[in-house]
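Student: following is a predicted model, sequence given first.
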Amino acid sequence: MEEELIQIKNSAVSLALDAKDKKELDDLKIRFLGRSGRLTLALKELSKLPKEKRPEVGKLANEVKNTIEETILEKESQVTKQKSQELKEKIDISIPGIKPQIGHLHPMTQVIYDVVNVFKGLGYQTADGPEIETDYYNFEALNIPKDHPARDTQQTLYLDTRNAKVNPGEIILRTQLSGMQARAMEKIKPPLRVIVPGKVFRYEQVDASHGFEFWQLEGFLVDTNVKLTDLFGTIDYVLRKLMGENIKLKFATTNFPFVEPGVDTYIECTVCKGKGCSFCKMSGWSEIMPAGMIHPNVLKAVGYSSRQWNGFAFCIGLSRLVTLRYKMDDLRLLTNPDMRILEQF
Ligand SMILES: [Zn+2]
């Protein structure tokens, strides 16, 4: 019996000293000290010994157990230390780190933030509306009934509603943000100043200055005794804030069914400085901010008294503003995900 115990001890200790990692040591623990380990089984034989021999052998067995445990424990701490030392040698903490690439706002988003900030300074609140719009808000509430020729100028994308309980042609992708005029006025009591930045959609031939989806910002103000000169002042102030004090602007009369009178604002093309290029269709000017005094019918449609209240509305072509500000000669660059383009802003 004593012989066997000594053998177990020698074998366990020599294996422990040779172990290379913690896993080997864990295996040893199970092989010798586990429930059916060699030492545990040997200890069970103790009861078969003659009574007078038991204390002596028991003492030896205890010593063997302690020695094995201690050796494994010591070896374990040695292995762990060695491992962390190796790791330290592999990691050179003096090498400078690699800077992660930090993204930035898309030029479109930057311009939206700037425009919204300028209007905030003028007391405008920002509203948001649905991109899928009804024919009523997009056209009818804006004094454009179903048979109005103005509808022809807005190449409308209709949603397939064959399985829905609505009349055909009732649900569209909004062609303009003016639909938000009626939506906002129905909810807010005058006086009000609201801007709505957002995307609009048209079935258009795509070229350098036209897209089938583009960003606009619609704005409108309703108050008492608003004059056309207030509108001119607002347009002039806003565009100079956004594009610089030295820009050249010109106004022309135009016609939109939801304003009376209608005004078109042109800015001298920043790409060619007025000389004429493909972006401005050789005219030297770019249409940037159509506007006008809100038509009394629009105010009536939302239940405002057109005797008490009047106001103006305007629209900024945000996509065009971005291309003019950054002197891009093609609107399509704005929706191009190529990093070589985006990294320039
Ligand atoms: Zn030009």
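Tutor: It's in.
Student: from the ion, how far out is the residue most central in space within the chain?
Tutor: Central residue of the chain (Cα atoms, centre = their mean): Leu105, 9.5 Å from the mean position. Counting by Cβ to the ion, to the nearest Å, the separation of Leu105 from the ion is 26 Å. For glycine as for every other residue, the C-beta is placed from the backbone atoms N, C-alpha and C.
Student: report the contact partners of that residue.
Tutor: By Cβ atoms under 8 Å, 6 or more residues apart in numbering, the contact list for Leu105 reads Tyr113.
Student: show the pLDDT at it.
Tutor: pLDDT, Leu105: 90.
Student: need the residues of the stretch 151-300 of the chain near the ion, please.
Tutor: For the stretch 151-300 of the chain, the residues found near the ion under the criterion Cβ under 5 Å from the ion are 269, 271-272, 277, 279-280.
Student: 8 Å - rerun?
Tutor: Within the stretch 151-300 of the chain, the residues that sit near the ion (Cβ under 8 Å from the ion) are 269-280, 282-284, 286.
Student: how about the secondary structure of the residue nearest to the centre of the chain?
Tutor: coil (DSSP: H, G, I helix; E, B strand; the rest coil).
Student: which of the residues of the stretch 151-300 of the chain next to the ion count as buried?
Tutor: Buried subset of these (neighbour count, 16 or more other Cβ atoms under 10 Å): 269-272, 277, 279-280, 284, 286.
Student: and the protein, what are its domains?
Tutor: Domains of the chain are assigned by automatic domain parsing as 2-90, 107-342.
Student: low-confidence ranges in the stretch 1-150 of the chain?
Tutor: For the stretch 1-150 of the chain, no stretch is flagged by pLDDT under 70.
Student: where along it do the helices fall?
Tutor: 2-18, 22-33, 38-44, 54-90, 107-121, 135-138 (DSSP state H, counting those that start in this stretch).
Student: check which residues of the fourth one are buried.
Tutor: Put plainly, it is helix 54-90. Buried, per 16+ other Cβ under 10 Å, within helix 54-90: 57, 61, 64-65, 68, 71-72, 75-76, 79.
Student: just the third one next, same as before
Tutor: Buried residues in helix 38-44, counting neighbours by 16+ other Cβ under 10 Å, are found at 38-39, 42-43.
Student: so what secondary structure elements neighbour it?
Tutor: helix 2-18, helix 22-33, helix 54-90 (3 or more Cβ pairs under 8 Å, 6 or more residues apart in numbering; DSSP states H and E).
Student: and for that helix, what's in contact with it?
Tutor: So helix 38-44 is in contact with 1, 4-5, 8, 11-12, 31-34, 61, 64-65, 68, going by Cβ under 8 Å, 6+ apart.
Student: next up, the contacts around the residue of the stretch 101-250 of the chain found nearest the ion.
Tutor: Closest residue of the stretch 101-250 of the chain to the ion, Cβ to the ion: Ser209 (9.5 Å). Ser209 sits next to 279-281, 286, 320, 323, 331 when contact means Cβ under 8 Å, 6+ apart.
Student: now do the same for Lys199: helix, strand or coil?
Tutor: strand.
Student: what is the burial count for it?
Tutor: Other residues near Lys199 come to 15 when the count uses other Cβ atoms under 10 Å.
Student: so what pLDDT did it get?
Tutor: For Lys199, the predicted pLDDT is 91.
Student: list the residues that contact it.
Tutor: By Cβ under 8 Å, 6+ apart, the neighbours of Lys199 are 131, 213-216.
Student: if we go to 6 Å?
Tutor: 213, 215 (Cβ atoms under 6 Å, 6 or more residues apart in numbering).
Student: that one pairs with what?
Tutor: Trp215 (DSSP bridges).
Student: returning to what we had before: which of the domains of the chain sits most buried?
Tutor: domain 107-342 (a mean of 17; mean count of other Cβ atoms under 10 Å).
Student: can you give me the end-to-end distance of that one?
Tutor: 8 Å (Cα to Cα, to the nearest Å).
Student: from the chain's centroid, how far away is that domain?
Tutor: 24 Å (Cα atoms, centre = their mean, to the nearest Å).
Student: swap in stretch 331-343?
Tutor: On Cα atoms, centre = their mean, the centre of stretch 331-343 falls 17 Å from the chain's centre.
Student: is any residue of it near the ion?
Tutor: No: Stretch 331-343 lies out of reach of the ion by Cβ under 8 Å from the ion, never closer than 13.0 Å.
Student: quick one: contacts of that stretch?
Tutor: 108, 209, 211, 319, 323.
Student: let's see 10 Å
Tutor: 101, 103-104, 106-108, 206-215, 279, 317-320, 322-323, 326, 328, 330, 344 (Cβ atoms under 10 Å, 6 or more residues apart in numbering).
Student: and for stretch 49-69?
Tutor: Counting by Cβ under 10 Å, 6+ apart, residues outside stretch 49-69 touching it are 1-2, 4-13, 15-16, 28-29, 32-33, 37-40, 42-43, 45-48.
Student: with stretch 182-193 instead?
Tutor: 119, 122-125, 127, 129-130, 133, 136-138, 140-142, 194-196, 218-224, 226, 234, 258, 294, 298-299, 301-305, 308-311.
Student: can I get that stretch in CSV, CA atoms only?
Tutor: Output of stretch 182-193 as CSV, limited to C-alpha atoms (Å, rounded to 0.1, in the frame of the first residue of the first chain):
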residue,chain,number,x,y,z
ALA,A,182,-52.6,72.6,-45.8
ARG,A,183,-51.5,69.8,-43.4
ALA,A,184,-49.8,72.3,-41.1
MET,A,185,-52.5,75.0,-41.4
GLU,A,186,-55.2,72.5,-40.4
LYS,A,187,-53.3,71.9,-37.2
ILE,A,188,-51.8,75.3,-36.3
LYS,A,189,-53.7,78.5,-35.7
PRO,A,190,-52.3,81.6,-37.4
PRO,A,191,-50.0,83.5,-37.2
LEU,A,192,-47.5,80.8,-38.2
ARG,A,193,-44.1,80.4,-39.7
